[in-house]
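Colleague: Compute the structure for the input listed below.
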Amino acid sequence: MKLMKSEYPRRSISFLYRKDCGQIGWSVGFFFLVYLSVLMFAILSLEELRFSSDYLEDALAASNLASAIVNLEEYGISHTLRLTKKEEAYQKYETAIKGNLNLDNDWNCPNRRLISGKVCCEIYIMYNVYGGNVEILERGRDGAWRRTEGRLGEVAAPNGVKVEHTGIYSEISFPVKSFSGMEITARKGKLVDIVGR
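Modeller: Below is the predicted model of the structure:
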């Protein structure tokens, strides 16, 4: 049996090039661009929050170090670092945190992208380590000082870090506006060790 070419005509592939098929390609491409734009916006917003967190942590560490008033006489005699003058130390801390975060006298930040409202000092704690003991001097929001003691290795700062050396812990709270426009209250704390060697 002889088959003729006319019996099996070649199929035309022109159905792939119809004019209405371009709409699907444009729709998929547009959806992909919108999805990519939203994804990039979310990633950039998270990076901005991560940068803000690092900036605030550095400001807290610098402020804690600035407020450390060490008893030099005791350090010279026994080589034990002991933080003294708690009220003066806290005043230095307030001055340092205002300067490091560029806060005005009402504790507001002019840069509303970083902090969108008033900053509050929640906790300020001085840890004096001597021998196997830890003296804890804590100032609350009400301004009252509380003194407690603990054993070295058992005392931890509010952020969960074990206290091994004389140091200062401080924590602030502040409102942050998210990229969706919602405002939440964030807290940031930092423990700084003060070592003599």
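Colleague: okay, CA-based contacts and neighbour counts for the rest of this
Modeller: Will do.
Colleague: Apart from its neighbours in sequence, what residue is nearest residue 65?
Modeller: Closest residue in space to residue 65, ignoring its immediate chain neighbours: residue 192 at 7.1 Å, by C-alpha to C-alpha, 6 or more residues apart in numbering.
Colleague: which residues does the one you found contact?
Modeller: 61, 64, 65, 167, 168, 169 (C-alpha atoms under 8 Å, 6 or more residues apart in numbering).
Colleague: Pull the distance from stretch 185-197 to the chain's centre.
Modeller: A distance of 13 Å separates the C-alpha centroid of stretch 185-197 from that of its chain, computed with C-alpha atoms, centre = their mean, to the nearest Å.
Colleague: List the buried residues for that stretch?
Modeller: Within stretch 185-197, the residues scored as buried using 16 or more other C-alpha atoms under 10 Å are 187, 189, 190, 191, 192, 193, 194.
Colleague: From those, which land in helices?
Modeller: Here DSSP state H is the test, and these give no hits in helices at all.
Colleague: for stretch 46-53, what is the average pLDDT?
Modeller: Averaged across stretch 46-53, the pLDDT comes to 80.
Colleague: neighbouring contacts of that stretch?
Modeller: Residues from elsewhere that reach stretch 46-53 (C-alpha under 8 Å, 6+ apart): 114, 188.
Colleague: same check, this time on stretch 82-99
Modeller: Residues from elsewhere that reach stretch 82-99, judged by C-alpha under 8 Å, 6+ apart: 59-60, 62-64, 66-71, 74-75, 103-104, 107, 124, 126-129, 166.
Colleague: In ChimeraX, how would I select the buried members of the residues you listed?
Modeller: In ChimeraX syntax, the buried subset of the contacts of stretch 82-99 is picked out as below (16+ other C-alpha under 10 Å):
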select :59,60,62,63,64,66,67,68,69,70,103,107,124,126,127,128,129,166
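Colleague: thinking again about what came up before, strands - which of the contacts of residue 192 land there?
Modeller: Within the contacts of residue 192, residues falling in strands by DSSP state E are 167, 168, 169.
Colleague: count of residues packed around the first one?
Modeller: This means residue 167. 23 (other C-alpha atoms under 10 Å).
Colleague: before we move on, what about the last one?
Modeller: The number of residues packed around residue 169, counting by other C-alpha under 10 Å, is 23.
Colleague: for it, what are its contacts?
Modeller: Residues in contact with residue 169 (C-alpha under 8 Å, 6+ apart) are 64, 123, 124, 125, 126, 127, 157, 189, 190, 191, 192.
Colleague: which residues in the chain form strands?
Modeller: According to DSSP E, the strands that the chain contains are 120-130, 133-139, 145-151, 167-177, 183-193.
Colleague: could I have the second one exported to PDB, CA atoms only?
Modeller: The one in question is strand 133-139. What follows is strand 133-139, C-alpha atoms only, in PDB (Å, rounded to 0.1, in the frame of the first residue of the first chain):
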ATOM      1  CA  ASN A 133      28.800  36.700  95.100                       C
ATOM      2  CA  VAL A 134      26.900  39.100  92.900                       C
ATOM      3  CA  GLU A 135      25.400  42.300  94.300                       C
ATOM      4  CA  ILE A 136      22.400  43.400  92.200                       C
ATOM      5  CA  LEU A 137      21.400  47.100  92.200                       C
ATOM      6  CA  GLU A 138      18.200  47.500  90.200                       C
ATOM      7  CA  ARG A 139      16.400  50.700  89.300                       C
END
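Colleague: Lovely, talk soon.
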